[in-house]
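Peer 1: any chance you could fold what I've pasted below:
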Amino acid sequence: MHAPVNRRKATVSALVRALALALLLAYAISGVGVGPARAADGDVTWTVRTAANGYGDDRSSYSYNVNPGGQVKDAMVVVNRSKTPLRLALYAADGYTTATGQLDLLTKDKKSVGIGAWVHADRSSVVIKPGKSAQIPFTVAVPANATPGDHVGGILTSLKQADDAAGINVDRRLGIRVKLRVSGALEPKLAIENLQVDYSGSLNPIAKGDAIVTYTIHNTGNATLSARQTVSVTGPFGWPRTNADDSTALPELLPGERRQVKLPVHDVAPAVHLAATATLTPLLTDAAGSTTSLGPVKATAHGWAVPWTLLVLLVMVIAAVVGGLLLARRARARRTQREDARVASAVEQALRADGTRNAPPGTRD
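Peer 2: I've put the predicted structure just below:
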């Protein structure tokens, strides 16, 4: 009697462990920056930081300007804060922007074609004694045919731990961002694609509704860009105009990346025909951290905002008016027909009477 219950408990326990490990894996691989990485039990801890050298003493990340075919030599410092020796794998990877706007790095099994292929540490792994640190030199070798513009990735330390109960390996990664600008013509460009507007009203015929404006931002240039956005919805002839609430800066997009934006616009009048306009002001950040605003990019799309309740009421009023006119017309026609019939009957009776008076004697009834 207890075997099925025990099996169910074991299954639930295994699922809980697997879920916890999956969450730990997602947390561990998302870290790309300077800071400690901690295991679930707190036994394994290490940190990474940039080395102090001619590029700076307290950098939060690596940033270089290099000519095609050039090289850069730098180093990363790894500190073992555990009580046991720590073996870490070392590798570089290309970066990408997640759906939440954060920078992440490709896993080791994914092929890199930029930073991940150009950055080479002087070793593939390192063993660090408890409480000790190791300086890991690396070289950034830029190909002679490298595309001008921004390339983003990172150099990583990685620790794999097996969980026999769940049958999976947890890869905990800690790394530092590498941003490289290859010399050449810098062409920062953003495009607005697939702009659409959808309207939803209410049953109240005079109430305002909400519009949803969606579009895709596409970084079509060769520089990393963020942007400020403004979105508005107008009726015919540009009136009335309603602005979206959110005009904050958007997360950075790497060259070639796309991001979908979905923005609500409240209190939009049901003006039958709407025009949604999205404007992006690209923001370019240089190596010193200064931000420059570029020329705005604008796109417009059209949609319908039909006040259906008001339209139904209008149709009902028109139908009532037309119906009343038709009924009145039919009533007039019937009255005219009755009057014509009465006149015809009177004429016929008069003709009969006149014919009787003029008839010869002996022929009258």
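Peer 1: all strands of the stretch 51-200 of the chain, in order?
Peer 2: Counting by DSSP state E, counting those that start in this stretch, the stretch 51-200 of the chain has strands at residues 62-66, 71-80, 86-97, 103-105, 119-121, 125-128, 133-141, 149-163, 168-182, 190-200.
Peer 1: quick one, which of the ones you listed is nearest to F237?
Peer 2: The minimum distance between F237 and the strands of the stretch 51-200 of the chain falls on strand 190-200, with 16.9 Å, by CB to CB. For every residue, glycine as well, the C-beta is placed using N, CA and C.
Peer 1: may I see the buried residues of the closest one?
Peer 2: Using 16 or more other CB atoms under 10 Å as the test for burial, strand 190-200 gives 190, 192, 195, 197, 199.
Peer 1: partners of that strand in the sheet?
Peer 2: Applying DSSP bridges to the sheet, strand 190-200 is found paired with strand 209-219 (antiparallel).
Peer 1: next helix or strand past the partner strand?
Peer 2: strand 225-234 (DSSP states H and E).
Peer 1: so where is the stretch 201-350 of the chain shaky, pLDDT-wise?
Peer 2: Low-confidence segments of the stretch 201-350 of the chain, defined by pLDDT under 70, span residues 247, 308-314.
Peer 1: one more pass at 90, please.
Peer 2: Applying pLDDT under 90 to the stretch 201-350 of the chain flags the ranges 201-207, 237-239, 245-250, 271, 285-290, 305-350.
Peer 1: which parts of it are strands?
Peer 2: Using DSSP E, counting those that start in this stretch, strands in the stretch 201-350 of the chain cover 209-219, 225-234, 241-243, 249-253, 258-268, 272-285, 291-293, 297-305.
Peer 1: what are the pairing partners of the fifth one, and which direction each?
Peer 2: Paired with strand 258-268 in the same sheet, following DSSP bridges, are strand 209-219 (antiparallel).
Peer 1: any idea how far the strand it pairs with is from the chain center?
Peer 2: Distance, stretch centre to chain centre, for strand 209-219: 8 Å (CA atoms, centre = their mean, to the nearest Å).
Peer 1: next one: stretch 181-189
Peer 2: With CA atoms, centre = their mean, you get 26 Å for stretch 181-189.
Peer 1: next: stretch 59-79.
Peer 2: 32 Å.
Peer 1: in that stretch, which residues are buried?
Peer 2: Quick answer for stretch 59-79 (16+ other CB under 10 Å): 59, 61-64, 66, 70, 72, 74-76, 78-79.
Peer 1: just those now: which is nearest A299?
Peer 2: Closest to A299, out of all of the buried residues of stretch 59-79 and judged by CB to CB, is S63, at 32.5 Å.
Peer 1: beta partners of the residue nearest to that closest one when sequence neighbours are not counted?
Peer 2: Nearest residue to S63, sequence neighbours excluded (CB to CB, 6 or more residues apart in numbering): K179, at 4.7 Å. Beta-bridge partners for K179, by DSSP bridges, are S63, V152.
Peer 1: my guess is K179 meets N65, correct?
Peer 2: No - assessed by CB atoms under 8 Å, K179 is found out of contact with N65, at 9.8 Å.
Peer 1: ok, back up a step: could I get the buried residues of strand 190-200 as JSON lines with pLDDT and distance to A244?
Peer 2: Below are the buried residues of strand 190-200 laid out as JSON lines (pLDDT from 0 to 100; distance: CB to CB, whole Å):
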{"residue": "L190", "pLDDT": "98", "distance to A244": "18"}
{"residue": "I192", "pLDDT": "98", "distance to A244": "14"}
{"residue": "L195", "pLDDT": "98", "distance to A244": "13"}
{"residue": "V197", "pLDDT": "97", "distance to A244": "11"}
{"residue": "Y199", "pLDDT": "94", "distance to A244": "14"}
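Peer 1: tell me how far the ends of stretch 227-246 are from each other?
Peer 2: This stretch, stretch 227-246, spans 12 Å end to end (CA to CA, to the nearest Å).
Peer 1: residues in contact with that stretch?
Peer 2: Stretch 227-246 has contacts (CB atoms under 8 Å, 6 or more residues apart in numbering) with 190, 197, 211, 213, 217, 247-250, 261, 263-269, 271-283, 293, 305.
Peer 1: next one: stretch 296-307
Peer 2: With CB under 8 Å, 6+ apart, stretch 296-307 has contacts from 190-192, 195-199, 201, 205, 209, 211, 215, 235, 268-282.
Peer 1: buried residues in it?
Peer 2: 297, 301, 303, 305, 307.
Peer 1: same list (those) but as JSON lines, adding distance to V119.
Peer 2: Listed next are the buried residues of stretch 296-307 as JSON lines, based on distance: CB to CB, whole Å:
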{"residue": "V297", "distance to V119": "33"}
{"residue": "A301", "distance to V119": "42"}
{"residue": "G303", "distance to V119": "47"}
{"residue": "A305", "distance to V119": "53"}
{"residue": "P307", "distance to V119": "59"}
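Peer 1: and of those, the nearest to G221?
Peer 2: Here the nearest of the buried residues of stretch 296-307 to G221, counting by CB to CB, is V297; it sits at 11.1 Å.
Peer 1: ok, the closest one to A75 distance?
Peer 2: For V297, the distance to A75 equals 40 Å [CB to CB, to the nearest Å].
Peer 1: over to L103?
Peer 2: L103 sits 21 Å away from A75, going by CB to CB.
Peer 1: what sits against the nearest residue to A144 once chain neighbours are set aside?
Peer 2: Nearest non-adjacent residue to A144, counting by CB to CB, 6+ apart: G69, 3.8 Å away. Going by CB under 8 Å, 6+ apart, G69 touches 142-144, 146.
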